[in-house]
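> Generate coordinates for the sequence data below:
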Amino acid sequence: MNFKSSIVQIKKRFLELLKYQIFRYAIIIHLFYFIGSYILFFLGLEGDFLVYYEAGDIFLKDINTLYTHMYKFPFRYFPLSALFFSPFSLLSLELSFIIFNAVNLILNILICVILYKIIIFIRRDENEKDEKRIITYLSLYLIGFPQVSNYVLGQINLYLSLLILISLFIFLKYDGIKWQIIGSFILGISFVIKPISIFLIPFLLIINYDMNTRKIKFDFRKSAIRIITVLIPLALNVIIFFIYPNLLEDFIYTNFTSEYAATINPSFSITKLITNFCSLYNIPFNQLFIFIGVLCIIGGIGLFLFLYAKDEQHSIIYGYILGIIIMFLVYFDTWDHHILILTPILIIVIFDLPRKSDITKKFLKPGFYVLNFLNLVGFGIVGILTISFFPYNFVSTVFMLLILYGIGKYSLLKNSVNRDD
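Residues are numbered from 1 along each chain as shown. This next block holds a predicted model:
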C-alpha cells in the first residue's frame, strides 16, 4: 500500500468513526485541551516542561549539576532522560513547547490505535461484535481530565503509555524469543524516559502457583530473557553514574531523602498521605522508611496476586496493571497526569473480563470513572483550599485500592473456581 492509499484509508476510517456521537464530542473536547495548553503557556504557565527543557540543556553543558541545578521543581529522573530532552533545549522554549505538545497529540492518536488493536485481540466472544463499546471507552480516555494537566504541564506520560502498550501488545500476540526481547527492550526504554512504571519488572516473570495441583510453574528461559533485556536500557544509566559518581548520590537524595520528598502536597500515594499526616502533626518520621514499609506491604500483595493468578496468556495484562498500581500507591508523588499511564491498561482489563462481571461493575468501572474524571477535582480542592489543614487527597487512593482489590479477587477466582467471575 503506497502513501496515497494509506491517506485514503485513514480518511475513510476517520469518517466511519465520526458516526459515533461520543467520538465527535471527544475530538472537540480534546482539541480544546490541546489548544488551551498553548494559550496558558503563552500567558506564562510554563509547567513541568520548563524543568525538562533546562535538564536537557544542563545534560549537554554541565551534567554534574543535573540534580543540583535550581529548577522550578526538582529533576528526578535518570540522567539519560535528560538526554531525551536535549534536542528540545537547542530550540527556543516557546518553539520547543509547541513541538512537544504537538507530538503529545500524535502520541494520543497512536495510543488509541494500539489500544484498539489490543482490545480487538483480547476481547471475549460474548462481547458485542460491533465497535461501539470500544469507541466509547477510547473517547472517554481522550476526554479524561488527566489529559488537561498532561498538556498544560508539558508532561511526558504519553511517551511512556505508548511504549508500555506496544510492549504489552507484543507479549500478548507473539510468543517467540525474538519478540520477548523486542517487547522487553521497548518497555525498558520507557523506564529510562520516566521510571514511574519501573515496578513492572517483577511482573515480567512467567511464574504461577496452581492451587489445585499445589505446584509452581516457572518458565525460567523466557523470564530471564525478559528481565535481562528490560534492564539493558536502564543499565546505560549505570555508565553515566560510573563516569559521574556524584550524580548517583544526587539522584538518590533527590528522589528519596531530600526535603522535597517529604514536602506536603496533594499526591494520592499512600506514602505521601502518611508523610503529610506526620508533617501536619509534627510527628518525627523518615520518609525512606515509610516508602520501604508501604512498598513491602503493597508490593507484597501485588506479587502474591500475580503468583496465584491462573497461568494463561493474558496474565501479563494483570501483571502490567499491578506493577503500575503498586508504583502509584507507593512512590511519594503520584499526580493526576500519571493516570494516563494507568487508564489504557484499565480499559484493557475491563474488556478482558466478562461483560457482565460483578468485579467490573463494582470495582473497575467506578475506579476508572473516578480516576479519569474526578481525580483532578480532588487535586484542586486539596491543593488550593485545604492543603494547610487537610492535606489528604485520599479519594483517588481509595479507588486505586478498590481496583487492586477487584483485580485480586478476580485473579484468585481464576485460579480456584472459574474465569467467568
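> Do a quick rundown of the helices in the stretch 101-250 of the chain.
132-143, 146-153, 157-173, 177-193, 220-243, 245-252 (DSSP state H, counting those that start in this stretch).
> Let me know which of the ones you listed is the nearest to Ile270.
helix 146-153 (19.6 Å; Cβ to Cβ). C-beta here means a position set from N, CA and C on the backbone, and glycine is covered the same way.
> Which strands and helices lie in contact with the closest one?
Contact analysis of helix 146-153 by 3 or more Cβ pairs under 8 Å, 6 or more residues apart in numbering; DSSP states H and E lists helix 21-42, helix 93-122, helix 157-173, helix 339-352, helix 375-380 as its packing neighbours.
> How many neighbouring residues does Ile264 have?
As a burial measure, Ile264 scores 15 neighbours (other Cβ atoms under 10 Å).
> Okay, buried residues for stretch 266-274 please.
Pro266, Ser267, Phe268, Ser269, Ile270, Thr271, Lys272, Leu273, Ile274 (16 or more other Cβ atoms under 10 Å).
> rewinding a little: I'd like the helices and strands packed on helix 146-153 laid out as CSV, including distance to Met70.
Formatted as CSV, those follow (distance: least, Cβ to Cβ, whole Å):
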stretch, distance to Met70
helix 21-42, 21
helix 93-122, 17
helix 157-173, 25
helix 339-352, 29
helix 375-380, 25
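> Contacts only, for Leu404.
With contact set as Cβ atoms under 8 Å, 6 or more residues apart in numbering, Leu404 has these partners: Ile298, Ile301, Gly302, Leu322, Ile325, Leu329.
> thinking again about what came up before, looking at the buried residues of stretch 266-274, which one is closest to Val113?
Nearest member of the buried residues of stretch 266-274 to Val113, counting by Cβ to Cβ, is Phe268, at 29.7 Å.
> so the closest one is in which element?
Under DSSP states H and E, no helix or strand contains Phe268.
> Now do the nearest residue to Leu45 once chain neighbours are set aside against Tyr52, distance only.
Excluding the flanking residues, the one nearest Leu45 by Cβ to Cβ, 6 or more residues apart in numbering is Val152, at 6.6 Å. According to Cβ to Cβ, to the nearest Å, Val152 stands 14 Å off from Tyr52.
> How about Leu31?
24 Å.
> More neighbours: these two, which one.
Neighbours were counted for Leu31 and for Tyr52 using other Cβ under 10 Å; Tyr52 has more, 26 against 12.
> now the host helix or strand of the more buried one against helix 21-42, angle please.
Assigned by DSSP H and E, Tyr52 belongs to helix 49-61. Angle, helix 49-61 to helix 21-42, by axes from the mean of the first three to the mean of the last three Cα atoms, to 10 degrees: 60 degrees.
> How far off centre is helix 49-61?
23 Å (Cα atoms, centre = their mean, to the nearest Å).
> quick one: buried residues of the helix or strand that comes right after that helix?
Under the assignment DSSP H and E, the closest C-terminal helix or strand after helix 49-61 is helix 79-89. Residues of helix 79-89 classed as buried: Pro79, Leu80, Ser81, Ala82, Leu83, Phe84, Phe85, Ser86, Phe88, Ser89 (neighbour count, 16+ other Cβ under 10 Å).
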